[in-house]
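Trainee: Would you be able to build a 3D model of this:
(2 chains)
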Amino acid sequence: MTLSVEIRHRQGDFALDLAFASEGGVTALFGPSGSGKTSVLRIVGGLVRPERGRIVFDGAVLIDTAGGIDVAAHRRRFGYVFQEPRLFPHLSVRQNLDYGRWLCRRAERRGDAARILDMLGIGHLLDRRPGNLSGGEKQRVSIGRALMSSPRMLLMDEPLSALDEARKAEILPHLERLRDELDLPILYVSHSVAEVARLADRVVVMGNGRVDGIGSPGEMLGALPETVTRDAGSVLAGTVCRIDRDSELATIALSAVSLVVPRGHLVEGQRVRVHIPARDVLVATERPNGISALNILQGQVAALSPREAGAVDVAIRCGADIVHARITELSVRRLGLLPGLAVHAIVKTVALDR
Amino acid sequence: MSILSEWSLTAEEWTAIELSLRVASVATLASLPFGLFVAYLLARGRFWGKTLLNGLVHLPLILPPVVTGYVLLILFGRRGPIGAFLDQAFGIVLSFRWTGAALACAVMGFPLMVRSIRLSIEAVDARLEEAAATLGASPPIIFLTVTLPLMLPGVIAGMILAFAKAMGEFGATITFVSNIPGETQTLSAAIYTFTQVPGGDAGALRLALIAVALSMAALLASEWLARLVAGKVRA
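Mentor: Numbering: from 1, shown residues only, chains lettered A, B, ... in the order given. Prediction:
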């Protein structure tokens, strides 16, 4: 699967001018509010016609303003999950879910309805009306409705942003299952580092209608300036190697070191990504004793990059992983930090609550 | 003469009631497709002359009914440009026929119907239609499965209003198709006729009570229907 996007579009004073490609998996469009992420998604979905642009999906041209091609939204077969659930109020949950399936040609139908219901945990809601569902349930039904229409790709526009923390935590594991179990490319718009860190395979960082960078979550999210997000930090991939039921903790093996995190819904052998906010990481030149933090990661200073307001981003190499720490310039001088110096990165387990 | 015979309706009066119901029903049902179309155009369309169309639709509401009836007579009369065409092409004659009464009632009720439907279209959340498009629904399918069901309460309200207007219509009807017993003499015209002849008081009162009863029944039925549909659409 490849999706290539080139857009030039003006909306009042705001101008979009960008190009990127997505190669399957989850591609996140990441950036602050007003950076144009949603506009890009709406254009890809066919809901807005760009002034100039060319979008090609798997060799099929969806829009080419120069060539006069514009495939209507209902013919693109892209599932779209909006910020708000947008369920049809006059239909039951079952009818909402069947809506797209009913419109899809039999030969193009794919995906097992029972599996989608199970994956999203909405099987017991079928006979209810959208009006009597909770916010989290509504959004899960809306994701299910998009999946049931047998889309070739799923477009998700901050599907969790309208929900509170508890509802987010309820839905995120479902999205991870979706990513892992369905062979469906996803374009995911978000301004939450935590969501992008957990879900994305590739991140397109956007600012002011342009692409600021494209890369893996680890590369892109670690180096973000605070002006973009306060949650900037490292994103590390690993495997859950041990679950300790007594203390409710899980151990995740990274390339060279391991991390102890709250157990949550993790299962042994699961591939996960952990997001470590840079401001939650301490740096020590000697191994500390008598400290409550469970994660003391041995590594070397890879780079020191000055940041705004007297802060410094310290990149610490632990095997193949880079852990970012945000500390003051004063601390850097007092500890005498230099690239190559052996240090310890210290992270509290509770700071890694997923 | 016994009191009973004083209060029982004559065959002619029954005809007037039956004719009124028929004229109002036909007027309402026949104008519905046009009402839906024009309301949709006014609510969603962006075209030159929209204000003009809006004004034209509302004209019968403001004009004296006699003027509306006279305009219909000029246009749809046997020798009128539209009337002559309908007569020659399809053999349809409207002037001095009950079908003409239905046309007059439809025109008079049209602004009320369009207004109500237009408001209901404007109240439909366009974001739901967008969602339907992303699920593979073409514009006609979206209209049938999302827009129309959601605007149904407004459509029903508009039909009730048009029906009520048609039941009470007098001025335009009598100007366009006159007051012919058995053909164009509706309930209102029959009451008017009674008031113009000596000793017609009892007849006028009888029909007036019938008119009150019919209006009341229509009102209750519409309330019930609207509640039923609203319950289906919401929650």
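Trainee: Show me what from the stretch 1-150 of chain A comes close to chain B.
Mentor: Residues of the stretch 1-150 of chain A lying close to chain B by CB under 8 Å from any CB of the partner chain are A:45-47, A:72-75, A:77-80, A:82, A:84, A:86, A:88-90, A:99-100, A:103-104, A:129, A:131-132, A:145-146, A:149. Every C-beta, even on glycine, is put in place using the N, C-alpha and C of the backbone.
Trainee: The closest residue to residue B:210 other than its chain neighbours: helix or strand, and which one exactly?
Mentor: Closest residue to residue B:210 apart from its sequence neighbours, by CB to CB, 6 or more residues apart in numbering or on different chains: residue B:17 at 6.1 Å. Element membership for residue B:17 (DSSP states H and E) is helix B:11-44.
Trainee: Going by contacts, tell me the helices and strands next to that helix.
Mentor: helix B:50-62, helix B:98-123, helix B:148-168, helix B:187-196, helix B:201-233 (3 or more CB pairs under 8 Å, 6 or more residues apart in numbering or on different chains; DSSP states H and E).
Trainee: Please identify the deepest-packed of these.
Mentor: Greatest average neighbour count among those goes to helix B:98-123 (a mean of 24), per mean count of other CB atoms under 10 Å in any protein chain shown.
Trainee: Give me the distance from it to the chain's centre.
Mentor: 5 Å (CA atoms, centre = their mean, to the nearest Å).
Trainee: okay, the angle between it and helix B:11-44?
Mentor: Counting by axes from the mean of the first three to the mean of the last three CA atoms, to 10 degrees, helix B:98-123 points 30 degrees away from the direction of helix B:11-44.
Trainee: What are the contacting residues of the helix or strand following helix B:98-123?
Mentor: Per DSSP H and E, helix B:98-123 leads on to helix B:126-134 as the next helix or strand towards the C-terminus. By CB atoms under 8 Å, 6 or more residues apart in numbering or on different chains, the surrounding residues in contact with helix B:126-134 are A:45-47, A:72-74, A:78-80, A:82, A:84, A:86, A:88-89, A:99, A:146, A:149, A:155, B:139, B:141-142, B:145-147, B:150.
Trainee: Please indicate which of those residues are buried?
Mentor: The neighbour count (16 or more other CB atoms under 10 Å in any protein chain shown) marks A:45-47, A:73-74, A:78-80, A:82, A:84, A:86, A:88-89, A:99, A:146, A:149, A:155, B:141-142, B:145-147, B:150 as buried among the contacts of helix B:126-134.
Trainee: Tell me which of those residues fall in helices.
Mentor: Using DSSP state H, the members of the buried ones among the contacts of helix B:126-134 that fall in helices are A:45, A:73, A:74, A:99, A:146, B:141, B:142, B:150.
Trainee: Contacts only, for the closest residue to chain B within the stretch 251-354 of chain A.
Mentor: Closest contact between the stretch 251-354 of chain A and chain B, by CB to the nearest CB, is at residue A:273 (28.6 Å). Going by CB under 8 Å, 6+ apart, residue A:273 touches A:197, A:198, A:217, A:235, A:236, A:237, A:238.
Trainee: so where's chain B shaky on pLDDT?
Mentor: Residues of chain B that meet the criterion pLDDT under 70 lie in B:1-6, B:232-235.
Trainee: Close to chain A: what parts of it are there?
Mentor: Close to chain A, as judged by CB under 8 Å from any CB, chain B has residues B:125, B:127-128, B:130-138, B:141, B:145-146, B:149-150, B:232-235.
Trainee: which SS class is residue A:346?
Mentor: Secondary structure, DSSP: H, G, I helix; E, B strand; the rest coil: residue A:346 is strand.
Trainee: gap between it and residue A:325?
Mentor: Distance, residue A:346 to residue A:325, using CB to CB, to the nearest Å: 9 Å.
Trainee: Residue A:46 now?
Mentor: In terms of CB to CB, residue A:46 sits 44 Å off from residue A:325.
Trainee: Then residue B:27?
Mentor: Residue B:27 is 79 Å from residue A:325, by CB to CB.
Trainee: Comparing these two, which residue is more hemmed in?
Mentor: residue B:27 (29 against 26; other CB atoms under 10 Å in any protein chain shown).
Trainee: what's the nearest residue to residue B:39 if we skip its chain neighbours?
Mentor: Nearest one to residue B:39, counting by CB to CB, 6+ apart, is residue B:117 at 3.7 Å.
Trainee: pull the helix or strand with minimum mean pLDDT from chain A.
Mentor: helix A:217-222 (a mean of 77; mean pLDDT, DSSP states H and E).
Trainee: Tell me where the model's unsure across the stretch 101-250 of chain A.
Mentor: Across the stretch 101-250 of chain A, the ranges flagged by pLDDT under 70 are A:222-230.
Trainee: What ranges does it have for its helices?
Mentor: In the stretch 101-250 of chain A, the segments counted as helices under DSSP state H, counting those that start in this stretch are A:113-120, A:135-148, A:165-181, A:193-199, A:217-222.
Trainee: Contact partners for the closest residue in space to residue B:165 that isn't next to it in sequence?
Mentor: Excluding its sequence neighbours, the residue lying closest to residue B:165 (CB to CB, 6+ apart) is residue B:109, at 3.9 Å. Under the criterion of CB under 8 Å, 6+ apart, the neighbours of residue B:109 are B:27, B:28, B:31, B:161, B:162, B:163, B:165, B:166, B:169.
Trainee: one more time with 6 Å, if that's ok
Mentor: Shown in contact with residue B:109 (CB atoms under 6 Å, 6 or more residues apart in numbering or on different chains): B:162, B:165, B:166.
Trainee: same thing with residue B:116?
Mentor: B:154, B:157, B:158, B:161.
Trainee: any idea how far it is from chain A?
Mentor: 19 Å (CB to the nearest CB, to the nearest Å).
Trainee: and residue B:39, how many neighbours does it have?
Mentor: Residues lying near residue B:39 (other CB under 10 Å) number 25.
Trainee: Surely it touches residue B:114?
Mentor: Yes. Residue B:39 lies in contact with residue B:114 (CB atoms under 6 Å); the separation is 4.8 Å.
Trainee: between the two, what contacts are shared?
Mentor: Joint contacts of residue B:39 and residue B:114 (CB under 6 Å, 6+ apart) do not exist.
Trainee: how many other residues sit next to residue A:269?
Mentor: Neighbour count for residue A:269, taken as other CB under 10 Å: 9.
Trainee: try residue A:164
Mentor: Count around residue A:164 with other CB under 10 Å applied: 11.
Trainee: Kindly provide the distance from it to chain B.
Mentor: 22 Å.
Trainee: Spatially nearest residue to that residue (excluding sequence neighbours)?
Mentor: In space, residue A:164 is closest to residue A:135, 7.7 Å off (CB to CB, 6+ apart).
Trainee: Against residue A:124, how distant is the one you found?
Mentor: Distance of residue A:135 to residue A:124, given as CB to CB: 17 Å.
Trainee: So those two - more neighbours on which side?
Mentor: More crowded of residue A:135 and residue A:124, by other CB under 10 Å: residue A:135, with 15 against 10.
Trainee: list the contacts for the residue in the stretch 201-350 of chain A positioned nearest to chain B?
Mentor: Distance from chain B to each residue of the stretch 201-350 of chain A (CB to the nearest CB) is smallest for residue A:204, at 21.1 Å. Residue A:204 makes contact with A:20, A:29, A:211, A:214, according to CB under 6 Å, 6+ apart.
Trainee: What separation do you get for it and residue A:19?
Mentor: Using CB to CB, we find residue A:204 at a distance of 10 Å from residue A:19.
Trainee: Also residue A:270?
Mentor: Distance, residue A:270 to residue A:19, using CB to CB: 35 Å.
Trainee: How about residue B:38?
Mentor: 45 Å.
Trainee: what's the answer for residue A:260, then?
Mentor: From residue A:260 over to residue A:19 (counting by CB to CB), the distance is 42 Å.
Trainee: just residue B:57 next, same as before
Mentor: 48 Å.
Trainee: Also residue B:70?
Mentor: For residue B:70, the distance to residue A:19 (CB to CB) stands at 66 Å.
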